[in-house]
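> quick one, what's the 3D model for this:
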Amino acid sequence: MSSGCDSIFAATVFLLGVRPELAVGQILNGQILELWSNRPVDRVFLTLVTEEGDSVASTQSDQDGIFEILAPRAGVFYVAARRVGYGMVVDGPVQLQDSVTVTVGIHIQQIALYELDPITITAEPAVRHLVTIGFYERQHRSAGGLFLGPDHIERRASARRVSDLLRGLPGVSVDQNDNVVLRGMMSGLGSCGSPTVFLDGIVSSVGNEDLKILDPLDVEAIEVYRRPNEIPAQYGGPTRGCGVILIWTRRGR
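Residues are numbered from 1 along each chain as shown. Reported below is the predicted structural model:
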């Protein structure tokens, strides 16, 4: 009798197109939701990434934003979510154990489609770098910061200055001289001037001038914190009354 059951199981696995050794394993599932509306987002491409930045599995969310990824082994992973019209998000770290299912909820944010030309995706080195510096962890935990990942930067390939990458973002003002001001920010003395700028984690002494001279092609990601309560403690927290802009460059990898 046992042999017959085994045969039926093997046949079922074969018909479903799943290898027997992977029929039971470590599974990551969940739902993709839009950041502000909480509505499900379909056709989101998801990639399971190791701590070393290697892609090991992928899938796509269904019409209800539901997805499921079968990991090849137990371990610590990140899941990168990408869809046209949305900024890429990397969620994690997630600990997956043998024969255990972990459920997560991932929010993604719409971005303006300035450029629709074909682009070449070279995500793995960027993901590895941005995971290491905590970009995706801050994105996941932030209550209101703006995060421009590699996909957004690539779409703005025609940008002449870093300030061009920031144009059109909510709460960000760029004047005719390419000076960036975070609207609504207030210091102890009244209206603010320039936000504090960090380049690869180091505070810039010239602020807005770095945004003018830095080549946008050297930029890998940007974080914009427009209000004191959004600013991470390691970058000054509420003491940075005029806001903070973090610039992460390819040279900083």
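> taking the mean pLDDT, what do you get for stretch 149-166?
Stretch 149-166 shows a mean pLDDT of 80.
> and the contacts of it?
82, 87-89, 111, 113-117, 119, 123, 126, 130, 135, 148, 172, 174, 178-180, 208, 210-212, 214, 216-217, 219-222, 224, 245, 247 (CB atoms under 8 Å, 6 or more residues apart in numbering). No exception for glycine: its C-beta is placed from N, CA and C like everyone else's.
> and if you look at stretch 47-64?
Under the criterion CB under 8 Å, 6+ apart, residues 28, 31-32, 40-46, 67-72, 75-80, 82, 90, 93, 123-125, 127-128, 131 lie in contact with stretch 47-64.
> about what we covered before: which among the contacts of stretch 149-166 end up buried?
For these, a neighbour count by 16 or more other CB atoms under 10 Å gives the buried set as 82, 87-89, 111, 123, 126, 130, 135, 148, 172, 174, 178-180, 208, 210-211, 214, 216, 219-222, 224, 245, 247.
> what is the burial count for residue 58?
Residue 58 has 14 neighbours, counted by other CB atoms under 10 Å.
> kindly report the same for the one 10 residues further on.
The burial metric for residue 68, expressed as a neighbour count using other CB under 10 Å, is 14.
> residues contacting the residue nearest to it when sequence neighbours are not counted?
The shortest distance from residue 68 to any non-neighbouring residue, by CB to CB, 6 or more residues apart in numbering, is to residue 29 (4.1 Å). Counting by CB under 8 Å, 6+ apart, residue 29 touches 66-69, 101-104.
> so for the closest residue to residue 195 other than its chain neighbours, what's the pLDDT?
Nearest residue to residue 195 in three dimensions, chain neighbours excluded: residue 243, at 3.9 Å (CB to CB, 6+ apart). For residue 243, the pLDDT comes out at 87.
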